[in-house]
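In: I would like the atomic coordinates for the input below:
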Amino acid sequence: MSQKKTSYRKDLFLVLKGIAMGAANKVPGVSGGIVAFVAGFYEELIYSLQKINLKALTILIRRGWRPFYQYTNGRFLVLLFSGVIISYFSVSLALDYLIKNFEMQVLGIFFGMILASLYFVYFQLEKWNLKTFFFFLIGLSIGLIIMLSKPSSENDGLLFVLICGIISVSGMTLPGLSGSFLLLLLGNYTLLLVDAVNAIYYTLTDVIQFNFNFLEDHSRMKLLQLAVIFTVGSIVGLVMFSNVLSFVLKKFKQVTLATIIGFIAGSLGVTWPWRNEVFLKENAGEVLYNSVGNPIIQYYDYYLPDFLNTNFWFITLFILLGILIVSLLEKYGVQKK
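Out: Below you'll find the model as predicted:
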């Protein structure tokens with residue numbers, strides 16, 4: 001009985017980790033991979049995803065579901081991604097509200113989380129030398145280039161949405177590289193992580209109520225089609241990135257860690273709380289809006305806070321809260337190793 005309780009507890013914690021990953025992936029500038037890295041299950045995630053390959057497909061066809069499930073570490077993946085899916089229809093919706101109404105406070109928490117993650121990942125690198133420092137600079141440069149890039153316009157082309165799925169999932173496999181922020185730069189964050197997710201939620205609600213009128217709603221069906229294409233791209237990206245990362249973690253672990261540290265350092269600026277949004281305007285000076293009526297952000301104007309202002313110390317408390325959250329995650333991850 002005690003073993004069963006321990007097993008159920010581990011399963012519950014794994015689902016909660018998935019919820020945390022899903023929530024982090026939804027926030028532009030934050031990487032779900034950081035949660036996996038700091039909580040101590042990053043390598044298991046990568047190696048489990050890497051097992052989804054042609055050999056796994058052969059096992060499924062020739063030997064059935066159970067051997068396939070065991071070979072791919074199915075229990076781990078199913079529980080973790082159940083948490084990610086739950087997050088997208090619960091915690092992520094709450095985050096959308098909080099970002100819209102309390103953006104500086106939310107950014108403060110995630111800035112603190114990334115700052116603490118940088119600290120913990122730094123000490124996993126065994127030693128610095130010319131090679132690791134070079135790859136740190138590469139990771140840092142890519143992170144800064146992404147941060148300073150300007151968002152593109154929205155594009156609902158099926159091939160482009162497929163590519164968005166492949167690219168955006170990088171945040172789940174590569175700590176420091178925010179998939180949702182990449183979607184923001186590609187112009188499809190609202191379309192794919194807000195509108196499409198909401199369309200799935202409303203559709204599931206309608207199906208439960210035996211209401212199938214949505215089949216005649218062209219807009220809803222289009223969003224559902226985009227959600228399917230985006231999901232396929234995400235699965236392809238997960239398998240592809242995990243295979244690459246599995247190889248480099250085995251062969252070049254220290255160099256990979258140095259690059260990840262660079263990514264995380266470069267992503268710090270994306271969640272800097274003290275910034276103003278500069279919206280895209282047409283020649284007449286009118287602000288341009290996307291397909292769902294939100295103003296299109298052209299870039300962020302970052303500024304240094306007034307250290308004598310009480311608002312600075314208020315936001316600093318949220319940064320410290322973010323640091324505390326990651327510290328507790330790291331402590332829990334170390335205990336479970």
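In: Kindly confirm my reading that residue 277 is in a strand.
Out: Yes: using DSSP: H, G, I helix; E, B strand; the rest coil, the assignment for residue 277 is a strand.
In: what's across from it in the sheet?
Out: Residue 277 has these beta-bridge partners by DSSP bridges: residue 300.
In: so it sits right up against residue 184, yeah?
Out: No: Residue 277 is not in contact with residue 184 according to CB atoms under 8 Å; the separation is 11.8 Å. Every residue, glycine included, has its C-beta placed from N, CA and C.
In: Between those two, which is the more surrounded one?
Out: Set residue 277 next to residue 184 and count neighbours by other CB atoms under 10 Å: residue 184 wins out with 21 against 11.
In: Would you mind pointing out the helix or strand the more buried one falls in?
Out: Assigned by DSSP states H and E, residue 184 falls within helix 179-186.
In: ok now that helix, how far from the chain's centre?
Out: Its chain's average C-alpha position is 10 Å from that of helix 179-186, according to CA atoms, centre = their mean, to the nearest Å.
In: I'd like to know the average pLDDT value across it.
Out: Throughout helix 179-186, pLDDT has a mean value of 76.
In: Which strand or helix spans residue 46?
Out: Applying DSSP H and E, one finds residue 46 within helix 42-50.
In: what's the following helix or strand after that helix?
Out: For helix 42-50, the following helix or strand on the C-terminal side (DSSP H and E) is helix 54-63.
In: Please identify the buried residues of that following helix?
Out: Judged by neighbour count using 16 or more other CB atoms under 10 Å, the buried positions of helix 54-63 are 56, 59, 60.
In: just these now: which is nearest residue 318?
Out: Using CB to CB, residue 56 is the member of the buried residues of helix 54-63 that sits closest to residue 318, with 42.9 Å.
In: Okay, helices next: where are they in the stretch 151-300 of the chain?
Out: Per DSSP state H, counting those that start in this stretch, the stretch 151-300 of the chain has helices spanning 158-168, 170-173, 179-186, 189, 196-208, 218-251, 253-267. These are given in chain order.
In: Can I get these in CSV including distance to residue 133?
Out: Shown next, in CSV, are those (distance: least, CB to CB, whole Å):
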stretch, distance to residue 133
helix 158-168, 27
helix 170-173, 23
helix 179-186, 25
helix 189, 33
helix 196-208, 40
helix 218-251, 18
helix 253-267, 7
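In: weakest of those helices in terms of mean pLDDT?
Out: If you rank those by mean pLDDT, helix 170-173 sits at the bottom with a mean of 72.
In: Show me what it is packed up against.
Out: helix 2-26, helix 32-38, helix 42-50, helix 179-186, helix 218-251 (3 or more CB pairs under 8 Å, 6 or more residues apart in numbering; DSSP states H and E).
In: Nearest to residue 172, out of the ones you listed?
Out: helix 32-38 (4.6 Å).
In: for the host helix or strand of residue 84, packing partners?
Out: When elements are assigned from DSSP H and E, residue 84 belongs to helix 74-88. Packed against helix 74-88 by the contact rule (3+ CB pairs under 8 Å, 6+ apart) you find helix 2-26, helix 42-50.
In: Count residues in the vicinity of residue 317, would you?
Out: Neighbour count for residue 317, taken as other CB under 10 Å: 12.
In: can you pull the pLDDT of it?
Out: pLDDT, residue 317: 94.
In: which ones are touching it?
Out: By CB atoms under 8 Å, 6 or more residues apart in numbering, the residues touching residue 317 are residue 108.
In: Show the contacting residues for the residue found closest to residue 276 once you drop the neighbours it is linked to in the chain.
Out: Computed as CB to CB, 6 or more residues apart in numbering, the closest residue to residue 276 that is not its neighbour in sequence is residue 301, at 4.4 Å. Residues counted as contacts of residue 301 (CB under 8 Å, 6+ apart) are 275, 276, 277, 278.
In: do residue 108 as well
Out: 273, 315, 316, 317, 318, 319, 321, 322.
In: Next secondary structure after the least confident helix or strand in the chain by mean pLDDT?
Out: Least confident helix or strand, the chain: strand 297-302 with a mean of 70, by mean pLDDT, DSSP states H and E. Reading on from strand 297-302 to the C-terminus, the next helix or strand found by DSSP H and E is helix 310-336.
In: Now residue 89. Nearest residue, chain neighbours left out?
Out: Excluding the flanking residues, the one nearest residue 89 by CB to CB, 6+ apart is residue 201, at 5.7 Å.
In: The one you found and residue 88, how far apart?
Out: Counting by CB to CB, to the nearest Å, the separation of residue 201 from residue 88 is 9 Å.
In: Name the residue in those two with the higher neighbour count.
Out: Per other CB under 10 Å, whichever of residue 201 and residue 88 has more neighbours is residue 88, with 19 against 14.
In: so what's that one scoring on pLDDT?
Out: For residue 88, the pLDDT comes out at 77.
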